[in-house]
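K.L.:
Fold the stuff below for me.
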Amino acid sequence: MFKKTIAIIILCLLIILFPSVSYGHESLSDPGHKPPLENSGTDPCNAEAALEIIERVAENTGNISFKAAKTVIMWHPPGTTACMSNITHKAPNLTKTEYLPSSSSTCGLRTIISDGKSTWHYEPSLEVVFHMPEIPSLHDDLKDKNEGGKPNRIKDIALIKDNYEVSMVSTENLIGRSAYIIELKPRHFGNPSRKIWVDKEYPFILKTEKYGSDGALSSVSFYNQIEFFPFFDDDIFKLDIPSNITKVELPVLSGLIPLDELNRKADFSIPMPEFIPPGYVIEGGILSSYKPFPAAHIRLTDGLNTISYFVSPGTGGNNKGQDTLSTMADMSGVNVVRRSEKGYDLTLVGESDESLLKKMAESIHPPLIQNKPPRHPLVDYLSSFLYQLFLLER
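P.N.:
Below is the predicted model:
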């Protein structure tokens, strides 16, 4: 019972503190609307054609209804992990993802349902369901009036063009469909590369291969089968919860906010790295609403990959200026660098090379915390596992 309670607390904190997990199908950015790819007249032999396809994927994926089975395989130092799921998406906002249990599991399907307004996260092994209102993103909040009110996703495509060499490799038949194969190689040292298979008829990614900064394959995700635009009854997006299941309501949170606003709202100083890897820009940040564990999450992107920077005062090291830096083993294809200095716990999470994350961490100079609160054993426990759980959900 104690372990179950701790697990529920950790999951609650995970969702409350850092609600940046994206559920459902894979896309490069927010949805928009454009015609199918075969009607675009693109030439599959040059980079401009590949960029046009990527832009259409970024703008249109959310408008494509589908029913599919998906597999994700990840390679990391401890070994290989795989996850299989069934995904149902009815454009524009209804998504249901059911994660298939292992053969030895006696629990039901771990299920996540979103309707564009709320998200339900059902964990049968814990006999609990979490409910949380949807969080608006910085892309929704910041409109560029000079571009006719278009969201910042257009700038993401510009970042991809600036930071990656994009090329059309070839075409291939995949699960009975014809697809373009597009490769994205980083222009700057230390960033991972990616290869995507985009359906020729619809701007939809059927398969993704990710490669680490050393060129080794780190993960692959692909649809085993897919049906586009099937008929859906909205009832399938309603979660049927047994009477014995505990229901946990999570608070309404704001989405990513600009850095200056984040600093105004925070009750603590947020030190920023003096070094940021070439090509990356700051998207914004999120503040924790859980007062016993004050924290901020700042997200950076180069258009394709992200770096998450977590800041928590009063939890790391001591207030006498001692400085420690440590790294964690890769989990889900990411690197983790943690630094404790002057009472601050500073953590960087990303798929970039470990040397870049270390350089970022070493360029952070936090102020000295004068009145550091006493550490609590539970806070120690949660802080050591929170980032790991966040990584597993990425």
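K.L.:
Quick one: the helices in the stretch 201-350 of the chain, in order.
P.N.:
Per DSSP state H, counting those that start in this stretch, the stretch 201-350 of the chain carries helices over the ranges 259-265.
K.L.:
do the same with the stretch 51-200 of the chain
P.N.:
138-141, 153-163.
K.L.:
mean pLDDT for those: which is lowest?
P.N.:
Mean pLDDT is lowest for helix 138-141 among these, at a mean of 42.
K.L.:
Low-confidence bits of the stretch 201-350 of the chain, can you list those?
P.N.:
Flagging of the stretch 201-350 of the chain using pLDDT under 70 yields the residue ranges 251-254, 289-292, 315-323, 328-333.
K.L.:
could you redo the last one with a cut-off of 50?
P.N.:
318-319, 321 (pLDDT under 50).
K.L.:
in it, which spans are strands?
P.N.:
Using DSSP state E, counting those that start in this stretch, the strands found in the stretch 201-350 of the chain span residues 205-211, 217-228, 246-249, 281-287, 296-301, 306-313, 323-331, 334-341, 344-350.
K.L.:
Tell me which of those strands is the most buried.
P.N.:
Mean neighbour count, computed with mean count of other Cβ atoms under 10 Å, is highest for strand 344-350 among the strands of the stretch 201-350 of the chain, reaching a mean of 25. Quick note: C-beta positions are derived from backbone N, CA and C, even for glycine.
K.L.:
Pairing partners for that one, with directions?
P.N.:
When pairing is defined by DSSP bridges, strand 344-350 lines up against strand 306-313 (antiparallel), strand 334-341 (antiparallel).
K.L.:
Tell me if I'm right that residue 199 and residue 223 touch.
P.N.:
No - in this structure, residue 199 is not within contact of residue 223 by Cβ atoms under 8 Å, at 9.6 Å.
K.L.:
what's the overlap in contacts for those two?
P.N.:
Shared contacts of residue 199 and residue 223 (Cβ atoms under 8 Å, 6 or more residues apart in numbering): residue 206.
K.L.:
if we can go back for a sec, in JSON lines: the strands paired with strand 344-350, plus distance to residue 244.
P.N.:
As requested, these are exported to JSON lines (distance: least, Cβ to Cβ, whole Å):
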{"stretch": "strand 306-313", "distance to residue 244": "35"}
{"stretch": "strand 334-341", "distance to residue 244": "36"}
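K.L.:
Can you add distance to residue 161 and give the strands of the stretch 201-350 of the chain back as TSV?
P.N.:
Supplementary listing: those in TSV, determined by distance: least, Cβ to Cβ, whole Å:
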stretch	distance to residue 161
strand 205-211	18
strand 217-228	24
strand 246-249	43
strand 281-287	14
strand 296-301	14
strand 306-313	17
strand 323-331	29
strand 334-341	24
strand 344-350	21
